[in-house]
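[1] structure for the following, please:
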Amino acid sequence: MSQRGHLLDDAWYMDYAAGTLRSEGEEVLLSSHLEMNSHADGRVRELERVGAAVMMMSAKDSDLPFSADMVLDRIADLEEAPTSEHAPMIPSEPFVPAALDQFLLQKNKDIHWEFLGPGLRKAMLWTGEDGEKLWLLKAQPGVAIPHHGHNGSELTLVLKGAFHDGDQCYQAGDVEEAGPETEHDIRIDEGGECICLALTRGKLRYDNPLLKAMQVFTGL
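    Next up is the predicted model:
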């Protein structure tokens with residue numbers, strides 16, 4: 001089921017905290033989201049504390065190689081840890097969060113923009129074993145994205161600017177989750193260009209025959 005709003009469903013944050021996300025694409029998108037959205041980052045910390053409390057109530061310390069108190073102490077240490085003395089890494093592009101920049105460095109991948117349509121550019125970053133695609137979309141102010149749905153799923157993180165989908169507005173740090181039941185009616189905000197990081201499973205679904213034919217070239 002699609003999740004419309006600034007934050008994702010708690011299941012995503014629990015999987016992130018537990019290290020059980022399904023792919024590198026999910027990890028880099030969630031890490032970038034938490035880096036940009038303090039509310040999401042705070043939610044992950046809350047869930048970490050809840051998980052530690054549940055473990056404390058449901059298991060004896062002797063049954064585990066570590067105690068619930070140790071987990072709580074570790075969370076507290078992370079929250080109180082001083083910032084690194086090293087100079088912050090300068091991103092390859094001003095809009096790129098550190099988590100994504102590190103991912104691109106590890107993959108030895110540069111951002112190469114390609115024409116996608118009038119006022120639209122895309123940059124493919126990574127493809128998973130199951131065909132999952134991590135890519136960037138750059139759109140000019142006021143551009144209307146062609147009406148489309150999904151044969152699979154998609155997470156879209158706003159890195160810069162804002163877009164409107166129906167009556168919802170997504171700004172930098174917000175994520176939109178979409179599934180097969182979602183029909184997008186997207187228009188880029190007039191305030192400036194919008195750049196998004198998208199993670200797509202399955203092909204986009206178009207009603208327009210011409211746009212369907214163009215998918216051979218866009219790869220989306």
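
[2] for the rest of this, base every contact and every neighbour count on C-alpha atoms.
    Fine.

[3] now the closest residue to Val96 other than its chain neighbours: phi and psi?
    Among residues not flanking Val96 along the chain, Leu159 sits closest, at 7.1 Å (CA to CA, 6 or more residues apart in numbering). The phi and psi values for Leu159, taken as degrees, to the nearest 10, are phi -90, psi -30.

[4] Leu159: what's it in contact with?
    Contacts for Leu159 were tallied using CA atoms under 8 Å, 6 or more residues apart in numbering; they are Phe95, Val96, Pro97, Gln171, Ala172, Gly173, Cys194, Ile195, Cys196, Leu197.

[5] could you rerun that using 6 Å?
    Listed by CA atoms under 6 Å, 6 or more residues apart in numbering, the contact set of Leu159 reads Ala172, Ile195, Cys196.

[6] for Glu46, see how far away the spatially closest residue to Glu193 that is not a sequence neighbour is.
    Using CA to CA, 6+ apart and skipping residues adjacent in sequence, the residue nearest Glu193 is Gln140, 4.5 Å away. Between Gln140 and Glu46 the distance is 37 Å, computed by CA to CA, to the nearest Å.

[7] which one's more surrounded, these two?
    Gln140 (20 against 13; other CA atoms under 10 Å).

[8] surely that one meets Gly191?
    No: applying CA atoms under 6 Å as the test, Gln140 and Gly191 come out as separate, 9.6 Å apart.

[9] average pLDDT across stretch 120-127?
    Here the mean pLDDT over stretch 120-127 is 94, rounded to a whole number.

[10] thinking again about what came up before, out of the contacts of Leu159, which comes closest to Ala178?
    Cys196 (14.3 Å; CA to CA).

[11] got the phi and psi for the nearest residue to His6 once chain neighbours are set aside?
    On the basis of CA to CA, 6+ apart, the spatially nearest residue to His6 that is not a chain neighbour turns out to be Asp174, at 4.6 Å. Dihedral angles of Asp174 (phi, psi; degrees, to the nearest 10) stand at phi -80, psi 150.

[12] relative to Leu47, how far out is Asp174?
    The value you get for Asp174 to Leu47, if CA to CA is used, is 19 Å.

[13] re the thing from before, so of the contacts of Leu159, which ones are in strands?
    For these, membership in strands holds for Ile195, Cys196, with DSSP state E as the criterion.

[14] okay if I get the contacts of Leu159 as a markdown table plus pLDDT?
    Supplementary listing: these in a markdown table, determined by pLDDT from 0 to 100:
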| residue | pLDDT |
| --- | --- |
| Ala172 | 95 |
| Ile195 | 98 |
| Cys196 | 97 |
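
[15] most neighbours among the contacts of Leu159, please name it.
    For the contacts of Leu159, the largest neighbour count, defined by other CA under 10 Å, is 27 neighbours, found at Cys196.

[16] so who does that one touch?
    The neighbours of Cys196, taking CA under 6 Å, 6+ apart as the test, are Leu136, Leu137, Leu157, Val158, Leu159.

[17] where's the dip in pLDDT among those residues?
    For those, the least confidently modelled position is Leu137, at 94, judged by pLDDT.

[18] find the nearest non-adjacent residue to that residue, please.
    In space, not counting the residues next to it along the chain, Leu137 is nearest to Lys122; the distance is 4.6 Å by CA to CA, 6+ apart.
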